[in-house]
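Enquirer: the following comprises the amino acid sequence and a computationally predicted model.
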Amino acid sequence: MPELKALIFDVDGTLADTERDGHRVAFNRAFAEAGLDWNWSVELYGKLLEVTGGKERMQHYLDKYRSDYRQPANIKDLIAQLHAAKTRHYTQLLAEGSIPLRPGVKRLLEEAKSQGMRLAIATTTTPANVTALLENALAPDGPSWFEVIAAGDIVPAKKPAPDIYFYALDKMRLKPEDCLAFEDSYNGLQSSLQARLKTVITINDYTKDHDFSGAVLVLDHLGDLGQSFTVLSGQVGWTTYVDLDLLHHLYRSP
């Protein structure tokens, strides 16, 4: 009988609610520090999230929303500098404890680690952002819990392309049918499904209205002791939080 061998996690919005109160705030701090009048409101940032990748998101913002801004010849260099500053501010927010993990994430990761389940990351955010989140919100040695951290520009095409998942699977020498993926957005789901991975979705405020057709389970969060999840799509029986027993059941389901 096939066996579930690994769990592969997206980061932003999946492990932690990093977008609204993390990345958005850090982008705005970087813009202000550079003397720019760019400011991303909660509502605008929700629209910008349709574009994956921070540098790509800034270019999209300029092209679609700031026709009044005269882009310099070195716009790519400016965007890269802003992105580096944004990462610095984001890391500071994490160090301040401003961005905790979502309900049930730490519990599930601890259970998986203790039972020898292989773990990986597949995300469009930068390796520095991933490391900062895991060290500050999970454990000082959090990054070492993951066999592979596939992040940032390590592949040319970002989500919804499946490349980042193909990269993680290749590094782990696993087949898609050996794993489950965890995502929070339409783009993320399209990426994992194109890589032929069964996928669990935990929605957030930015993605609650997305189309999650094809996911094996859609929840508001992973649930925790004393904090039951709400099932939006899929079957979980009497369980009130995601644990390895439930994941093995989902894995074996048609």
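Expert: Everything's here; your move.
Enquirer: which of the helices or strands spans the nearest residue to residue 239 once chain neighbours are set aside?
Expert: The shortest distance from residue 239 to any non-neighbouring residue, by C-beta to C-beta, 6 or more residues apart in numbering, is to residue 246 (5.1 Å). Heads up, the C-betas are built off the backbone N, CA and C, glycines and all. With elements taken from DSSP states H and E, the one containing residue 246 is helix 244-252.
Enquirer: what mean pLDDT does that helix get?
Expert: Averaging pLDDT along helix 244-252 gives 95.
Enquirer: check which element follows the biggest helix by length in the chain along the chain.
Expert: Using DSSP state H to assign secondary structure, the helix with the most residues in the chain is helix 75-95. Per DSSP H and E, the first helix or strand lying C-terminal to helix 75-95 is helix 105-114.
Enquirer: okay, the angle between that next one and helix 244-252?
Expert: With axes from the mean of the first three to the mean of the last three C-alpha atoms, to 10 degrees as the criterion, the two stretches helix 105-114 and helix 244-252 enclose an angle of 80 degrees.
Enquirer: ok, residue 224 - contacts?
Expert: 103-104, 107, 241 (C-beta atoms under 8 Å, 6 or more residues apart in numbering).
Enquirer: what's the closest of these to residue 194?
Expert: Ranking those by separation from residue 194, with C-beta to C-beta as the measure, puts residue 104 on top at 26.5 Å.
Enquirer: would you mind measuring from that closest one to residue 111?
Expert: Taking C-beta to C-beta, to the nearest Å as the measure, residue 104 and residue 111 are separated by 10 Å.
Enquirer: higher neighbour count, the two?
Expert: Set side by side, residue 104 and residue 111 give different neighbour counts by other C-beta atoms under 10 Å, the larger being at residue 104 (20 against 15).
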